[in-house]
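# Test case, fold it:
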Amino acid sequence: MGTPRPTGLQQAMLVLLRTLIGWHFAWEGFVKLWWPSWSRGGWPLPRWSAAGFLQNATGPFADSFHTLGASTWMPVLDVLVALALLLTGLSLMLGLFTQTGLTVAFVLLALLYVARIPTLGVIGPGAEGNYLFVNKDLVEAGAVLVLLVFRTGRIAGLDLLLADRRRRKARDATGPAAVTEAAS
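Next comes the predicted model:
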């Protein structure tokens with residue numbers, strides 16, 4: 001007896017979850033890249049920077065994050081992070097290179113979590129809630145892992161269309177050869 005296949009409704013909810021997470025990532029990347037530029041009339045030279053977040057890291061790798069946050073590479077890193085967010089979000093919303101997009105999403109969320117593991121359990125300055133070990137980054141990372149396991153690119157999206165196209169091409173390519181061999 002094999003593993004049961006998710007029902008149509010379950011598949012739709014998985015794709016909806018993937019799309020919502022994709023929107024979250026894409027919007028974060030979009031805002032970090034372009035929103036500040038509109039008011040200055042410039043092109044993506046974001047005012048946003050990860051430096052403050054990195055310099056305030058408290059997790060087990062805080063020293064490494066602090067060093068990175070003070071690095072002269074921060075302007076490049078800021079653009080790379082924003083692009084990673086935007087492209088990851090687009091990947092998830094479109095269902096294109098879904099497994100890669102989900103893997104990048106998980107890595108980004110894991111880095112966010114490890115940089116500031118919530119250990120106080122009470123509201124702190126700049127905090128948006130009372131978290132003790134489990135916060136929104138960890139919950140979203142868990143959701144991303146579920147999507148990775150269910151391989152939602154095989155349910156809906158451009159990955160599914162590309163896979164169908166590859167299968168048709170392979171079938172068409174082997175069709176005449178198979179007919180010729182059978183006739184021999």
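
# drop to CA atoms for contacts and neighbour counts, all remaining ones
OK.

# By mean pLDDT, flag the weakest helix or strand of this protein.
helix 35-40 (a mean of 55; mean pLDDT, DSSP states H and E).

# contacting residues around the most centrally placed residue in the chain?
What sits nearest the mean C-alpha location of the chain, by CA atoms, centre = their mean, is Ala105, with 2.7 Å. Contacts were defined as CA atoms under 8 Å, 6 or more residues apart in numbering; by that measure Ala105 touches 25, 85, 88, 141, 144.

# one more time with 6 Å
Applying CA atoms under 6 Å, 6 or more residues apart in numbering to Ala105 gives no contacts.

# same question, Tyr113
With the criterion set at CA under 6 Å, 6+ apart, Tyr113 makes contact with Asp137.

# again, only this time at 8 Å
With CA under 8 Å, 6+ apart, Tyr113 has these contacts: 137-138.

# quick one on the thing from earlier: what is the distance between the helix or strand harbouring the residue nearest to the centre of the chain and the centre of its chain?
Secondary structure from DSSP states H and E places Ala105 in helix 98-115. On the basis of CA atoms, centre = their mean, to the nearest Å, helix 98-115 is displaced by 6 Å from the centre of the chain it belongs to.

# Tell me where the protein has helices.
8-33, 35-40, 51-55, 62-69, 74-94, 98-115, 136-150, 158-183 (DSSP state H).

# Buried residues in the helix holding Ala105, which are they?
By neighbour count on 16 or more other CA atoms under 10 Å, the buried set for helix 98-115 is 98-99, 101-106, 108-110, 112-115.
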